[in-house]
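A.B. asks: quick check, what structure comes out for this input:
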Amino acid sequence: QVQLVESGGGLVQPGGSLRLSCAVSGSIFSAYAVAWYRQAPGKQREWVATVDIGGTSTYKDSVKGRFTISRDNAQKTVYLQMNSLNSEDTAVYYCNKRQGAVYWAWGQGTQVTVSS
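C.D. replies: Residues are numbered from 1 along each chain as shown. Alright, predicted model coming up:
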């Protein structure tokens with residue numbers, strides 16, 4: 001059974017930074033492209049960024065230049081470095097496989113709140 005455990009969220013002021021982590025257990029992590037998603041209150045879950053098995057990353061337009069996704073296959077962990085945060089980044093953040101794949105069971109997510 002695959003388990004996803006997201007962490008690193010919190011309350012941050014506009015312009016601040018956070019680094020999210022997602023530990024994946026119970027799967028061959030290195031064989032999959034993995035992604036971050038987020039869900040803001042009252043909105044559907046949306047894709048944020050993907051890193052493929054070779055380390056190439058893609059981003060939602062609104063986070064390009066501010067967010068960086070990376071992975072550590074030895075630690076079976078995917079990271080999301082978030083800089084220049086603004087209120088529109090407030091959401092619960094989740095990791096999973098890339099869009100269109102057969103997803104693992106979703107984790108609990110980690111809450112990111114950007115507020116002064």
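A.B. asks: verify the stated contact: Leu18 with Glu6.
C.D. replies: No: when contacts are counted by C-beta atoms under 8 Å, Leu18 is not listed as touching Glu6 (11.8 Å). Bear in mind the C-beta positions are built from the backbone N, C-alpha and C, glycine included.
A.B. asks: for the two, indicate the residue with more neighbours.
C.D. replies: Using other C-beta atoms under 10 Å as the criterion, Leu18 and Glu6 rank with Glu6 on top: 23 against 20.
A.B. asks: the host helix or strand of Val24 pairs with which strands?
C.D. replies: According to DSSP states H and E, Val24 maps onto strand 18-25. With DSSP bridges as the test, strand 18-25 is paired with strand 3-7 (antiparallel), strand 77-82 (antiparallel).
A.B. asks: what's it in contact with?
C.D. replies: Contact with strand 18-25 is made by 2-10, 12, 34, 36, 75-82, 85, 93-95, 104, 107, 110, 112, as judged by C-beta atoms under 8 Å, 6 or more residues apart in numbering.
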